[in-house]
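Asker: What would the 3D arrangement of this be:
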Amino acid sequence: MTVCNKCRTDNPPDSRFCCMCGGALGDGPARPNVKPEDIDRLLMDGYRTVHEGDPAEALHLANAILDVDPDNASAMALKAICHEKRGETDAAIDVYEQLVLLNPGSTLDRIKLAQLRRRAAAAPPDELEHRSRNWVAGLSGIAATLLVVTAGGAPPR
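Answerer: Got it, this is the predicted structure:
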């Protein structure tokens with residue numbers, strides 16, 4: 001794990017940017033110096049980048065925009081999408097909660113927040129329970145096969 005120097009969050013070892021604050025990890029590039037007139041172009045770059053499969057870079061851009069304009073709803077939405085694409089459901093929920101507070105009239109953001117909360121609440125099946133179900137199904141199949149073979153192989157009376 002790589003620890004972010006800015007927020008002290010543990011990150012996967014191959015991360016170039018912090019999954020929580022977006023800060024550069026290790027020798028990665030520093031955040032771009034964002035000017036207010038560049039925000040629209042950077043947002044388009046961020047959305048394109050996340051849809052091309054690089055949510056870490058898009059998260060980096062979203063956080064750079066939020067450094068300059070902390071109430072930018074589009075940058076917050078981009079950040080939430082990046083966290084979701086990276087499988088960081090709790091972080092995505094946190095950002096969507098901020099977004100809904102910032103923009104309470106956004107029905108789409110409320111729907112997305114509700115979906116993520118339901119996904120987070122649905123706990124994955126316990127590994128032991130999953131294995132035991134597989135064993136029961138497998139043994140049931142073997143028993144049924146043996147029953148058919150023995151019943152089918154017996155001479156008629």
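
Asker: Relative to E52, how far out is the residue most central in space within the chain?
Answerer: The centroid of the chain falls nearest to G87 when counting by C-alpha atoms, centre = their mean (2.2 Å). Relative to E52, G87 is positioned 18 Å away (C-beta to C-beta, to the nearest Å). For the C-beta atoms, the positions are set from N, CA and C on the backbone; glycine is no exception.

Asker: what does D14 give?
Answerer: Per C-beta to C-beta, D14 is found 18 Å from E52.

Asker: Which stretches in this protein count as strands?
Answerer: For the chain, the strands defined by DSSP state E occupy 2-3, 10-11.

Asker: which other helices and strands contact the first one?
Answerer: Just to be clear, that refers to strand 2-3. Packing partners of strand 2-3 (3 or more C-beta pairs under 8 Å, 6 or more residues apart in numbering; DSSP states H and E): strand 10-11.

Asker: Direction included, what does the strand it packs on pair against?
Answerer: Sheet pairing of strand 10-11 (DSSP bridges) gives strand 2-3 (antiparallel).

Asker: what's next to the partner strand, contact-wise?
Answerer: 9-13, 15, 25-26 (C-beta atoms under 8 Å, 6 or more residues apart in numbering).

Asker: Identify, from these, the entry nearest to L116.
Answerer: Taking C-beta to C-beta as the measure, L116 lies nearest T9 of the contacts of strand 2-3, at 19.4 Å.
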